[in-house]
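> model this:
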Amino acid sequence: MPLIGVLLYALVWALAACFPLTDSDIWWHLASGRDMLLQGHWLRQDPFTYSAAGASWINVHWLYQLVLYDVNNWGGSGALVALHSLAWGVTAWVWVRTEPKANFGWLWLLLPMVLSAHFLFLARPLVFTLLLLGLQRLLVVKYHRGGRLWLGLGLCQVVLANIQGLFLLGPILFVLFGLRDRQSLKILWAKALYLLVVSGLNPAGPYLWIYPLRLLRRLLPGNSFASNVSENVSPMHALVGGAWNGAATLWQALGLLVCTGLGLWIFWREPKSRSMLWVWGPLLTLAWLAERNIPLCYAICLPWIACYMPTPSWHAWSRWIGGVILFACLVGQGQWWFARPDAVAPFRFPQGASLFIARHAGLSEDPSRVFAEIRQSGYLTWRLYPIVQTYVDGRLILRDEAFFNRYLQYPTHPQEFFADLDRDSVEWVVLPVAYPPGWDQLAPHIQRNPCWQLVFLDECSWVYVRKNSSRAALEIEKISVQDSIREAFQARSTAWPFYMKREGEYWLGRAMFL
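Next up is the predicted model:
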């Protein structure tokens, strides 16, 4: 495959991942990196949430968090977007290099599947896991045996085990690819055992091996985490009109369906390709179990599919087709940066609420307790810890299913919500206005509750404070809330003029509510 084809393929992957930060996990990752540097040691207990205060925490992402924090200090949120965008491009380049017979023309035709799932190319440690797995595979392709192979595999595996809990994919993929290549089972198992052993070179030691099994258990159908955490939901839900059905999830599911169909067609048509079933089958199973695994499947499987597709009659036009796709990708992703050059996605994170609470939360030895929705809690932790502690964040591995089920019932069971606020002596409540949907159902109940007062509202969040809170330095009337609406509306009109008609009606409705 020509070098220019590999580079352009990788460029499309990089552009597909080049959009503002939308994933909420990045904030508690940043907070963890900061806290580790301040404390001078690895975090072994949860410091950020009061519902799991002191709970044992196997922080498998510690190395990723330290790098993330340093990059953010150097270049801010824009540098974080650039880092992950570049990492996705390099990852695609590495995996294509592991399949040198990949057909250039077909790679371009498969790129629409990548673009259909590009919102899954998030700023998460998954991309670096994929990159290290690709480097391991590339080492096997280049060095079939010898000390360089063993050293390279070991170094990649040690880093892998210290950035994400998917480190078991290292030995698993090594064995699966070895079975595909008909390597000696004795050598395969010896190297797989070697990779497992070196994975123990991390602060958690052998306890780390339990972590991936707990993650996999939560992806299996039949539990609340698989049914109610969007990235854990099966793409099949979009095809059958499930709760998470929408344009983005539907296109992701259709792209995965095409990938499945092409793989089955290749297996039926090319007997030589059937050994790839060892790798393709487990990866496709993971992708159909949860949306978050679709990028994992595409990065590894698309170059393989391009190896076995017949050379098209329009092969001479493949560069032109690639140019059109590249141009479409530039236009599609460019809309983010031309509309508003901000590396943090608007209306997702409580930026105004965090500034307001920082100004008015009283200082004391014990942090104020804030109830906030999962996606917004991570940002509040990043901006406000140790002034405040939140109720829950994206580290759901620290919670059991009973806890998560009770949390999910809060919007429709306000009596349980208020009972838990009183039990935990919560002083602040931050609720999302529009995203994620459903939480605005609690707003009228809090508004009627004599113990709580609405003190701030912008396009992202409602902020309530307990009236008898001794640590909230507040002397705020309703006019202050209306002022916050006016200020946010004026800022919106400057940054997002093409949203003004729809959003103006929205803000008018909120002002009338007050």
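
> ok, the closest residue to residue 428 other than its chain neighbours - contacts?
Closest residue to residue 428 apart from its sequence neighbours, by CB to CB, 6 or more residues apart in numbering: residue 370 at 4.2 Å. The way it works is simple: take the backbone N, C-alpha and C, and place the C-beta from them, glycine included. Applying CB atoms under 8 Å, 6 or more residues apart in numbering, we find residue 370 in contact with 357, 377, 380, 384, 388-391, 426-430.

> so which of the residues you listed comes closest to residue 144?
residue 377 (48.5 Å; CB to CB).

> and for that closest one, the neighbour number?
27 (other CB atoms under 10 Å).

> mind listing residues that contact whatever helix or strand it lives in?
Using DSSP states H and E, residue 377 sits in helix 374-384. With CB under 8 Å, 6+ apart as the test, helix 374-384 has contacts from 24-28, 30-31, 48-49, 348-351, 353-355, 357-358, 361, 370, 372, 388, 390-394, 396, 407, 430, 432, 435-436, 460-461.

> can you turn the buried part of those into a ChimeraX selection?
To isolate the buried members of the contacts of helix 374-384 in ChimeraX, using 16 or more other CB atoms under 10 Å:
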select :24,25,26,27,28,30,31,48,49,348,349,350,351,353,354,357,361,370,372,388,390,391,392,393,394,396,407,430,432,460,461
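
> which non-adjacent residue is nearest residue 220?
Per CB to CB, 6+ apart, closest to residue 220 is residue 226, 6.3 Å.

> same check, this time on residue 85
Using CB to CB, 6+ apart, the closest residue to residue 85 is residue 18 (4.2 Å).

> coming back round to it: gap between the helix holding residue 377 and the chain center?
15 Å (CA atoms, centre = their mean, to the nearest Å).

> contacting residues for residue 467?
450-453.

> quick one: it and residue 219, what's the gap?
43 Å (CB to CB, to the nearest Å).

> for the chain, which segments count as strands?
368-372, 388-390, 428-432, 452-457, 461-466 (DSSP state E).

> for residue 195, find the nearest of those.
Short answer: strand 388-390, nearest of these by CB to CB, at 36.9 Å.

> by contact count, what packs against the closest one?
Strand 388-390 sits against strand 368-372, helix 374-384, with contacts defined as 3 or more CB pairs under 8 Å, 6 or more residues apart in numbering; DSSP states H and E.

> which residues touch it?
48-50, 53, 357, 361, 367-372, 377, 380-381, 428.

> identify the farthest-apart pair in these.
53 and 357 (19.2 Å).

> show me the shaky parts of the chain.
Applying pLDDT under 70 to the chain picks out residues 1, 241-246, 312-319, 322, 335-341, 362-365, 469-514.

> burial of the closest residue to residue 88 other than its chain neighbours, as a residue count?
Distance criterion CB to CB, 6+ apart; nearest residue to residue 88, sequence neighbours excluded, is residue 17 at 4.0 Å. Residues near residue 17, counting by other CB under 10 Å, number 26.

> wait, doesn't residue 17 sit right on residue 121?
Yes - the pair residue 17 / residue 121 is scored as a contact, 3.8 Å apart, by CB atoms under 8 Å.

> which residues are in contact with each of the two?
84, 88, 127.

> mind splitting this protein into its structural domains?
3-212+232-322, 351-513 (automatic domain parsing).

> mind checking how far the closest residue to residue 101 other than its chain neighbours is from residue 174?
Of all residues not flanking residue 101 in the chain, residue 307 sits nearest, at 4.7 Å (CB to CB, 6+ apart). Here residue 307 is placed at a distance of 20 Å from residue 174 (CB to CB).

> of these two, who's got more company?
Higher neighbour count among residue 307 and residue 174: residue 174, with 23 against 18, using other CB under 10 Å.

> OK, contacts around that one?
Residue 174 neighbours (CB under 8 Å, 6+ apart): 136, 140, 153, 188, 191-192, 195.

> what's the longest helix in this protein?
helix 62-97 (DSSP state H).

> just the angle for it relative to helix 374-384, thanks.
120 degrees (axes from the mean of the first three to the mean of the last three CA atoms, to 10 degrees).

> mind listing what's buried in helix 62-97?
Buried, per 16+ other CB under 10 Å, within helix 62-97: 62-69, 71-72, 77, 79-81, 83-85, 87-97.

> repeat for stretch 446-459
Under 16+ other CB under 10 Å, the buried positions of stretch 446-459 are 446, 449, 452-459.

> then it to PDB, C-alphas only?
Taking Å, rounded to 0.1, in the frame of the first residue of the first chain, the C-alpha atoms of stretch 446-459 are listed here in PDB:
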ATOM      1  CA  ILE A 446     -37.200  21.800  44.400                       C
ATOM      2  CA  GLN A 447     -38.800  25.100  43.500                       C
ATOM      3  CA  ARG A 448     -41.700  24.300  45.800                       C
ATOM      4  CA  ASN A 449     -39.600  22.900  48.600                       C
ATOM      5  CA  PRO A 450     -39.200  25.500  51.400                       C
ATOM      6  CA  CYS A 451     -35.700  24.300  52.300                       C
ATOM      7  CA  TRP A 452     -34.200  25.100  48.900                       C
ATOM      8  CA  GLN A 453     -33.600  28.300  47.000                       C
ATOM      9  CA  LEU A 454     -32.800  28.700  43.300                       C
ATOM     10  CA  VAL A 455     -29.800  31.000  43.100                       C
ATOM     11  CA  PHE A 456     -28.300  30.600  39.600                       C
ATOM     12  CA  LEU A 457     -29.500  29.500  36.200                       C
ATOM     13  CA  ASP A 458     -27.800  29.500  32.800                       C
ATOM     14  CA  GLU A 459     -28.000  27.600  29.600                       C
END
